[in-house]
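Undergrad: show me how the following folds:
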Amino acid sequence: MGKFIKAGRVVVILSGRYAGKKAIAAKVFDDGSKSRPFGHCLVAGVDRAPLKVTRKMSKKKISKRTRVKPFRAEGSVSKRGEERGYSCDKSHSEPKAL
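TA: Okay, here's the model as predicted:
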């Protein structure tokens with residue numbers, strides 16, 4: 001398969017638990033590894049974004065609604081679709097930072 005996903009690019013997860021979510025490709029294994037002998041990549045993204053907050057909400061409710069729920073997934077390259085024209089700063093997509 002061609003090398004179309006590169007580290008630091010924005011990808012859309014096409015199938016599975018996070019289908020339809022946008023994520024950043026952190027590390028790409030084009031040739032595979034011992035445990036996964038196929039092209040795969042490590043991605044990180046936002047599963048749930050913060051919700052709207054109003055003045056009359058309690059502090060407990062505000063703290064729950066302002067949380068960001070991130071996700072990290074590793075899977076086949078065929079389950080990731082690359083978005084054209086989007087890339088990010090590579091310092092944020094380091095695997096150690098995730």
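
Undergrad: what ranges do the helices span in this protein?
TA: 59-65 (DSSP state H).

Undergrad: how about low-confidence regions in it?
TA: Scanning the chain for pLDDT under 70 picks out 1-3, 79-98.

Undergrad: ok, now with 50
TA: 85 (pLDDT under 50).

Undergrad: hey, where'd the strands end up in the protein?
TA: With DSSP state E, the ranges of strands along the chain come out as 9-13, 22-29, 40-48, 69-76, 80-87.

Undergrad: make JSON lines out of these and add mean neighbour count and distance to Met57.
TA: All C-beta atoms are positioned from the backbone trio N, CA, C, and that covers glycine. Output for those, formatted as JSON lines (neighbours: other C-beta atoms under 10 Å; distance: least, C-beta to C-beta, whole Å):
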{"stretch": "strand 9-13", "mean neighbour count": "20", "distance to Met57": "32"}
{"stretch": "strand 22-29", "mean neighbour count": "19", "distance to Met57": "28"}
{"stretch": "strand 40-48", "mean neighbour count": "19", "distance to Met57": "17"}
{"stretch": "strand 69-76", "mean neighbour count": "14", "distance to Met57": "19"}
{"stretch": "strand 80-87", "mean neighbour count": "13", "distance to Met57": "34"}
